[in-house]
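Q: Quick one, structure for this:
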Amino acid sequence: MAFVRPQVACKRDEPMRYICTAIVASLLATGMSQAATIHVPDDYPNIYQAVAVAVDGDVIEVAAGTYLGSYLSPQGKSITISGELDANGTPTVMLDGQQSGAVLWCYQGEDTSTVFKNLVLTNGSSYYGGGLSCYDGSSPAFENCIFRDNMGTIEGGGVHLRENCNPTFSNCRFEDNVAYGPGGGMFCMESSNPILQNCTLTNNTASRGGGFYGINSSPTLLNCLIEMNTASYGSGIYSSGGGSSPTFDYCMIESNAAENYGGGIFCDYYAAPVFSQCTILNNVASSAAGLHCEGSSVPSLNACTFWGNTAANIGGGIFCSTSSPTITGCTIKNNVAGSGNGGGIWCYYQSLPVISSTALCGNTPDQINGTWNDNGGNMIAEECPVDCVGDINNDGNVDVTDLLTVIAEWNAPYDVNDILAVIKHWGPCP
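A: Predicted structure coming up:
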C-alpha cells in the first residue's frame with residue numbers, strides 16, 4: 001500500500017472553517033498526523049524523495065538493494081532512515097556515492113533524533129568526508145552502519161566532522177577508507193566530540209591518523225577496536241592540539257603500522273588524551289611502535305597494556321619527546337626497539353613521565369631509557385613473572401573477583417576462554 005499522509009478538506013463557509021481548524025489542531029496535539037512509515041522503493045523510488053515528504057517522527061524503511069547518489073541530506077528533520085537486515089543482522093542497503101561527492105551530508109543542525117540505521121555508506125569521494133560530512137553543529141545518530149571504501153581527497157576518508165558536531169556511533173564499522181591528508185577512518189576538528197561505542201576502525205589509510213584523527217576535539221571511544229590501519233604518523237590514533245582531551249576506554253589498538261612514528265598512537269601539540277583499560281598490541285613503526293608523544297602533549301595511561309609492539313629503531317612501547325605522560329597501573333611487556341634503546345619506554349629531551357604501580361618487563365633491549373619520575377609501586381625486570389592463568393587482577397588468587405571482572409568487561413577484552421580459565425584454575429596461584 002502506498003504511503004498516504006492523512007488530509008483534512010474543508011469548505012469555504014465560515015462555520016466549516018472553524019470546525020476544520022479544530023480538527024487539525026486536535027490531530028496535531030495527538031500526533032495522529034505526524035508519525036508515519038514510508039517505504040522505499042514501494043512508496044517512493046529513492047530515499048531523496050522519501051526524505052522530501054517526511055516530517056519529524058517519520059521512519060523511512062529502505063528495502064535491500066543499492067541506491068545511487070551523493071549528498072543525501074536529512075534536511076534537519078527528526079526522522080529515522082533504516083535499512084533492511086539479512087538473517088545475520090548485516091545491513092543489506094548500500095548507499096553508493098559513485099565517487100561524485102559525500103554519500104551523506106548533514107549541515108542543518110540535526111541532533112540525535114535524526115537516526116541512520118543499518119546502512120552501508122560506500123564509494124563516496126569529496127574533499128572532506130567521503131562517507132559522511134557534518135558541520136555547523138549537526139550531530140545525528142548512527143546505529144549498525146558501515147562506512148566502507150570512501151575517500152577524502154583532503155581530510156576524512158570515512159567521516160569528516162567540524163564546527164561543533166557531536167554525532168553518536170553505535171556498533172558501526174569504518175573500513176577500507178582513504179584520506180590523502182589526515183583521518184582515514186574519521187577526522188574531527190573545531191570542538192567536534194563524537195561518541196563511538198562498540199565500533200571498529202580497520203584497514204583505513206591516511207597521512208596521519210589512519211584510523212582516527214582529532215585536532216582540538218575531545219571524542220569518546222568506548223570498547224572500540226582500532227586495527228590494521230596505516231599512516232606515516234599515528235596509524236591507529238592521532239590526537240593533536242591543546243583543545244584535545246579525547247577519552248578511550250576499553251579499546252583495543254592492534255596491528256597498526258606507521259611508516260615513521262606512532263604505530264598505535266601519536267600525540268602532539270599539548271594534546272591530553274586519556275586511555276583507560278586499553279590494550280596496545282602488536283603495532284609496528286620506524287620508531288615509537290606503541291605510543292609516540294611529543295610537543296608538550298600529556299597523555300594519561302590508566303591500567304593499560306602495551307604488549308608486543310615493535311619499533312625498527314627506538315621506543316618499542318612508548319616514546320616520549322618533550323612530553324611527560326602519566327602512566328598508572330599499566331603493564332608494558334615484550335616490546336622491542338630493534339636498533340636503538342627504550343624497548344619498553346624511551347624518554348628524550350625534557351620528558352619526565354610520571355610512572356606508578358606499573359610493570360615493565362621482558363622488553364628488548366631494555367625496560368626504560370632516560371629520565372623519569374618513579375612515583376612508587378613499580379616492578380621493573382628483565383623477565384616477566386610467570387603468569388597465573390585466570391588471575392585477572394593479579395592478586396595471587398583465582399576467585400570470584402576475577403570472574404566478576406571477566407563478566408563486567410566482556411569483550412573488552414575478555415571472552416569465554418577467560419571464564420573457562422578462571423573456572424579451571426580456581427584457587428590460590430601456584
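Q: Please, where are all the helices along the chain?
A: For the chain, helices defined by DSSP state H occupy the ranges 14-30, 47-53, 400-408, 416-424.
Q: Run the angle between the last one and helix 400-408 for me.
A: Here helix 416-424 runs at an angle of 160 degrees relative to helix 400-408 (axes from the mean of the first three to the mean of the last three CA atoms, to 10 degrees).
Q: isn't Phe266 right next to Ser244, touching?
A: No. Using CB atoms under 8 Å, Phe266 makes no contact with Ser244, being 11.8 Å away. In short, each C-beta sits where N, CA and C put it, glycine included.
Q: With neighbour numbers in mind, choose between the two.
A: Phe266 (31 against 26; other CB atoms under 10 Å).
Q: what's the spatially closest residue to that one that is not a sequence neighbour sitting at in phi/psi?
A: Nearest residue to Phe266, sequence neighbours excluded (CB to CB, 6 or more residues apart in numbering): Gly234, at 2.9 Å. Here the main-chain torsion angles of Gly234 (degrees, to the nearest 10) amount to phi 60, psi 70.
Q: Quick check, Gly234 in contact with Ile265.
A: Yes. With contacts counted by CB under 8 Å, Gly234 reaches Ile265, the gap being 6.4 Å.
Q: Overlap in contacts, these two.
A: His292 (CB atoms under 8 Å, 6 or more residues apart in numbering).
Q: Which pLDDT does the model give the spatially most central residue of the chain?
A: By CA atoms, centre = their mean, the chain has its centre lying nearest to Leu196, at 4.6 Å. Per-residue pLDDT puts Leu196 at 98.
Q: List the residues that contact Asn283.
A: 235-236, 253-258, 263-264, 289-290, 309-310.
Q: Recalculate using a threshold of 10 Å.
A: Going by CB atoms under 10 Å, 6 or more residues apart in numbering, Asn283 touches 226-229, 235-236, 253-258, 262-265, 289-291, 306-311, 316-317, 335.
Q: repeat for Ile154
A: If you count contacts by CB under 10 Å, 6+ apart, then Ile154 has Ser126, Tyr127, Tyr128, Gly129, His160, Ala179, Tyr180, Gly181, Pro182, Gly183, Phe187 around it.
Q: Between the residues you listed, which sits nearest Val62?
A: Gly129 (21.4 Å; CB to CB).
Q: low-confidence ranges in this protein?
A: With pLDDT under 70 as the threshold, the chain has low-confidence stretches at 1-34, 395, 430.
Q: the domain parsing of it - what is it?
A: Domain segmentation of the chain under automatic domain parsing yields 1-34, 38-381, 397-428.
Q: mind checking which of those domains is nearest Gly390?
A: domain 397-428 (3.8 Å).
Q: Figure out how far that closest one is from the centre of its chain.
A: Distance, stretch centre to chain centre, for domain 397-428: 27 Å (CA atoms, centre = their mean, to the nearest Å).
Q: what's the span of it, first residue to last?
A: With CA to CA, to the nearest Å as the measure, domain 397-428 spans 4 Å from end to end.
Q: buried ones in that domain?
A: By 16 or more other CB atoms under 10 Å, the buried positions in domain 397-428 come out as 397-399, 402-403, 406, 412-414, 418-419, 421-422, 425.
Q: Closest to Ile79 out of the residues you listed?
A: Ala412 (32.7 Å).
Q: Surely that closest one touches Thr279?
A: Yes. Taking contacts as CB atoms under 10 Å, Ala412 lies within contact range of Thr279: 9.1 Å.
Q: Quickly list what's touching both of those two.
A: Counting by CB under 10 Å, 6+ apart, the residues touching both Ala412 and Thr279 are Leu225, Tyr250, Cys251, Met252.
Q: quick one: which of those residues sit in strands?
A: Leu225, Met252 (DSSP state E).
Q: Out of the shared contacts of Ala412 and Thr279, give me the one that has the most neighbours.
A: Cys251 (27 neighbours).
Q: Contact partners for that residue?
A: 196, 199, 201, 221-226, 236-237, 275-280, 304, 412-413.
Q: what about the closest residue to Gly290 other than its chain neighbours, neighbour count?
A: Excluding its sequence neighbours, the residue lying closest to Gly290 (CB to CB, 6+ apart) is Asn309, at 3.9 Å. By the criterion of other CB under 10 Å, Asn309 has 33 neighbours.
Q: from memory Asn309 sits against Gly338, does it?
A: No. Shown here, Asn309 and Gly338 do not form a contact pair, counting by CB under 10 Å, at 11.3 Å.
Q: State the distance from the residue nearest to Phe266 to Asn177.
A: In this view, Gly234 and Asn177 are 16 Å apart by CB to CB, to the nearest Å.
Q: do Asn334 as well
A: 31 Å.
Q: which of the two has more neighbours?
A: The neighbour count for Asn334 versus Asn177, taken as other CB under 10 Å, is higher for Asn177 (34 against 19).
Q: show me what contacts that one?
A: With CB under 10 Å, 6+ apart, Asn177 has these contacts: 121-122, 124, 129-131, 147-152, 156-159, 183-186, 201-206, 210-211, 229.
Q: one more time with 8 Å, if that's ok
A: 130-131, 147-152, 157-158, 184-185, 204-205.
Q: Between those residues, which sits nearest Met94?
A: Arg148 (8.9 Å).
Q: I'm done for today, thanks for sticking with me.
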